[in-house]
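Participant: task: produce atomic coordinates for the following.
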Amino acid sequence: MPNVDNRTRHGDHPLPHKDNVMSEDVGRIADALTGLDEDVNAVDQRVTELAESDAAEDNILELPTDGPLSVGRGYYLPTGATVTMPGNPVEDDWVEFIPIGSADNFSANLTFAHPVSSLPAGTHQYNAYQRKTFTFHNGEWS
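Facilitator: Model prediction:
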């Protein structure tokens, strides 16, 4: 008598059947368990990806209404914004800007108490429609 090829509805995994020879169903059960393990692993990976994505979004803040930014954080940078970078950074501190707003108004003003690459301390325009991370090294932001 041939094996009855019952399968799960959603995962299409093989199921044993009472009319099947047990020695033949053992392989079907092993295949089903392996398939279920792969399904669970795929779900675990997707949950981890979503959790990491949520954690990254949780680390992005709206710009403060007054005072300097905090280091080690990301901020949404709307076009036309004026912000003050942290005034007492230490080596390897960073601030990241994530663009929001219209692509036809590109600038935002950033005020730095320390030099920025080859620019002196002060207020500089920045392309607000580009994601940018500033890192503090050797006494200046870059």
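
Participant: since we're on Glu91, how many residues are nearby?
Facilitator: Glu91 has 9 neighbours, counted by other CB atoms under 10 Å. Where you see a C-beta, it was placed from the backbone N, CA and C, and this is true even at glycine.

Participant: secondary structure class for it?
Facilitator: coil (DSSP: H, G, I helix; E, B strand; the rest coil).

Participant: do a quick rundown of the strands in the chain.
Facilitator: Using DSSP state E, the strands of the chain run over 60-61, 73-78, 82-84, 94-100, 107-112, 122-127, 132-137, 140-141.

Participant: what about the fourth one, average pLDDT?
Facilitator: If you average the pLDDT over strand 94-100, you get 76.

Participant: partners of that strand, with directions?
Facilitator: Strand pairing for strand 94-100, using DSSP bridges, gives strand 73-78 (parallel), strand 132-137 (antiparallel).

Participant: walk me through the domains of this structure.
Facilitator: Annotated domains of the chain cover 1-57, 59-141 [automatic domain parsing].

Participant: by mean pLDDT, show me the worst of those.
Facilitator: domain 59-141 (a mean of 75).

Participant: my guess is Arg73 contacts Glu96, does it?
Facilitator: Yes: Arg73 lies in contact with Glu96 (CB atoms under 8 Å); the separation is 7.4 Å.

Participant: more crowded one of these two?
Facilitator: Here Arg73 and Glu96 are compared on neighbour count by other CB under 10 Å; more neighbours surround Glu96, at 16 against 13.

Participant: quick one: that one from Thr8, how far?
Facilitator: Relative to Thr8, Glu96 is positioned 45 Å away (CB to CB, to the nearest Å).

Participant: need the winner for burial among the domains of the chain.
Facilitator: Highest mean neighbour count among those (mean count of other CB atoms under 10 Å): domain 59-141, with a mean of 15.

Participant: with distance to Val4 added, can I get the strands of the chain in TSV?
Facilitator: Listed next are those as TSV, based on distance: least, CB to CB, whole Å:
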stretch	distance to Val4
strand 60-61	55
strand 73-78	57
strand 82-84	69
strand 94-100	56
strand 107-112	68
strand 122-127	66
strand 132-137	60
strand 140-141	70
